[in-house]
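Trainee: Just need the structure, nothing else, for what follows:
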Amino acid sequence: MSKAALCWRALWVCAFPALLAGCASQMPQAEVHSVAWYAARIPPPVIPTVSAPTVSVQPAPVPQEVHIVVDTRDRQLRIYKGESLLETFPVAIGFNGAAPRRTRGDDITPVGHYRIGYVRFGTRYGPFMLLTYPNREDARWGLREGIINQRQYDAIITALDRGETPPQNTPLGGYIGIHGMGPQFSDDPDSKVFPGRWTAGCVALSNWDARQLATLVRVGTPVEIVGQVPGYRGSTPAERRPAGLQSVADTPEKHLDDLLASLQHGAAPAPQAARP
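Mentor: Sure, this is the predicted structure:
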């Protein structure tokens, strides 16, 4: 190694401690504290927020209302609760079929939407479930056609607005209901309604079926009557009735009794099945 190189190495070895001392003098001096001082500055542990347990609130079930559909074409009364079919009963309907419009004494079962107006037990036909006939559509039609006057129309609408049974004594007729056959017929569960079209506009069931139905309905139960069935043609309504029904008033307290009396004395033909 040359003499000059040896000189530079000697200078560096001597100068290095001085450089280190200079660097150290520029670095900040760390403060020393007590253990308590450091402990006070430890951040608290992070505790996750626990929310209250979620309770699933189920909406209150909507009461499933019993409702009735009477199909006059196949002469079946079907009882539903909600969408579920509970029971089906055969029925008889008006002697002159079924139609959306009727008047007093025409022996037609009205087609439309009604409700049970009242239920009476112990009548001549067992339970008698009156329908809220005439409804608003019946009344509007009757007023438009001049069958009822404005006062009668207003009385019908006022009763319906109040949730009451409309007047039953207007020219539109009344006392249309669902009922049994009466004590002259069997009360056996296997008995069936006398078939066909023979009522003065009511819907008739067997005595047993009428009692079963009466336990399921209440005032306000919806009743829908569907299926227009043409009546007999070629004569007036009075002439189309069996002989025992010639003078039948449009009330539930008479038409079946008169028919039965006629049948017992041979004065009237048996109730007829529906004709096309």
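
Trainee: Spit out the contact partners of residue 91.
Mentor: Shown in contact with residue 91 (Cβ atoms under 8 Å, 6 or more residues apart in numbering): 70, 75-77, 178, 193, 203-205. The way it works is simple: take the backbone N, C-alpha and C, and place the C-beta from them, glycine included.

Trainee: Flag the shaky bits of the stretch 1-150 of the chain, pLDDT-wise.
Mentor: By pLDDT under 70, the low-scoring segments of the stretch 1-150 of the chain are 1-64.

Trainee: Which parts of it are helices?
Mentor: Ranges of helices in the stretch 1-150 of the chain, per DSSP state H, counting those that start in this stretch, are 3-26, 35-40, 136-144, 150-161.

Trainee: Adding distance to residue 225, write the contacts of residue 91 out as JSON lines.
Mentor: Output for the contacts of residue 91, formatted as JSON lines (distance: Cβ to Cβ, whole Å):
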{"residue": "70", "distance to residue 225": "5"}
{"residue": "75", "distance to residue 225": "11"}
{"residue": "76", "distance to residue 225": "12"}
{"residue": "77", "distance to residue 225": "10"}
{"residue": "178", "distance to residue 225": "10"}
{"residue": "193", "distance to residue 225": "16"}
{"residue": "203", "distance to residue 225": "7"}
{"residue": "204", "distance to residue 225": "13"}
{"residue": "205", "distance to residue 225": "14"}
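
Trainee: just those residues now: which is nearest residue 94?
Mentor: Comparing the contacts of residue 91 against residue 94 with Cβ to Cβ places residue 203 closest, at 8.7 Å.

Trainee: how much space is there between the closest one and residue 194?
Mentor: Residue 203 sits at a distance of 13 Å from residue 194 (criterion: Cβ to Cβ, to the nearest Å).

Trainee: now swap in residue 149 and tell me
Mentor: To residue 194, residue 149 is 38 Å away according to Cβ to Cβ.

Trainee: Also residue 207?
Mentor: As judged by Cβ to Cβ, residue 207 and residue 194 stand 11 Å apart.

Trainee: which one is residue 167 nearest to, not counting chain neighbours?
Mentor: Sequence neighbours aside, residue 155 is the residue nearest to residue 167 in space, at 5.2 Å (criterion: Cβ to Cβ, 6 or more residues apart in numbering).

Trainee: Was I right to think that neighbour contacts residue 165?
Mentor: No. Contact criterion Cβ atoms under 8 Å: residue 155 and residue 165 do not qualify, at 11.4 Å.

Trainee: if we can go back for a sec, give me the more crowded residue out of residue 149 and residue 194.
Mentor: Neighbour count, other Cβ atoms under 10 Å: between residue 149 and residue 194, residue 194 has more, with 19 against 13.

Trainee: Spatially nearest residue to residue 72 (excluding sequence neighbours)?
Mentor: residue 98 (3.7 Å).

Trainee: actually residue 231, not the one I wrote
Mentor: Per Cβ to Cβ, 6+ apart, closest to residue 231 is residue 96, 3.2 Å.

Trainee: Report how many residues lie close to that neighbour.
Mentor: Counted with other Cβ under 10 Å, the neighbours of residue 96 add up to 23.

Trainee: Going along the chain, name the strands of the protein.
Mentor: Assigned by DSSP state E, the strands in the chain fall at 66-71, 76-81, 84-90, 93-94, 98-99, 109-110, 112-123, 126-131, 177-179, 197-199, 203-204, 222-226.

Trainee: Out of these, flag the one nearest residue 215.
Mentor: strand 126-131 (8.8 Å).
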